[in-house]
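[1] Provided below for reference: sequence and predicted model.
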Amino acid sequence: MMIRGLKTPAKAAAGLAAFAQEFKQTNNATAGEVYASDLTEDVAKKMQQFGPPDSDGPAITEAKGWVKFWLIAGALVKYEFMLKGKIDFNGNSFPSERTTTVEIKDVGKTKLAVPEAAPKKLAGGA
């Protein structure tokens, strides 16, 4: 179930950005452009639920959250989100807080080695 929910960093970041309320931008000489926004209570609540999407899992109350994105030269290099709330389970309330950080490294540094025979084969040669 968890593996099915995994997304590439680009898709996960796009999904988080769609949930943002209002972005505020700050600039940092070493970190680049930083965009931050709070998440709505409904989104923070949904992101903290576990189990199948339509299940009657534990109730989440006092849900809060935020998301931040770091860009350098227009490229996403890092994103982070925080979720906080109370999980009510079997009549007991437990505080919950987690921060998830994803760093994207070596952006633009991927190299592809093309074998010598590949261009010939693509051109229809032997």
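    Sure, I can see it.
[2] can you pull the pLDDT of L112?
    pLDDT recorded at L112 is 75.
[3] State the phi and psi torsions of it.
    Dihedral pair for L112: phi -120, psi 120, per degrees, to the nearest 10.
[4] give me the number of residues near it?
    Residues lying near L112 (other C-beta atoms under 10 Å) number 4. Backbone N, C-alpha and C define where each C-beta goes, glycine included.
[5] now do the one 10 residues further on
    L122 has 9 neighbouring residues, counting by other C-beta under 10 Å.
[6] repeat for V67
    A total of 24 residues lie near V67 under the criterion other C-beta under 10 Å.
[7] Thought A18 was touching it, still the case?
    No: counting by C-beta atoms under 8 Å, A18 is not a contact partner of V67; they are 10.2 Å apart.
[8] Is it correct that A13 falls within a helix?
    Yes: using DSSP: H, G, I helix; E, B strand; the rest coil, the assignment for A13 is a helix.
[9] residue contacts, it?
    Shown in contact with A13 (C-beta atoms under 8 Å, 6 or more residues apart in numbering): 69, 76, 79, 102.
[10] for the residues you listed, which one is nearest P9?
    Of all those, V102 has the smallest distance to P9: 5.5 Å, by C-beta to C-beta.
[11] Perfect, that will be all.
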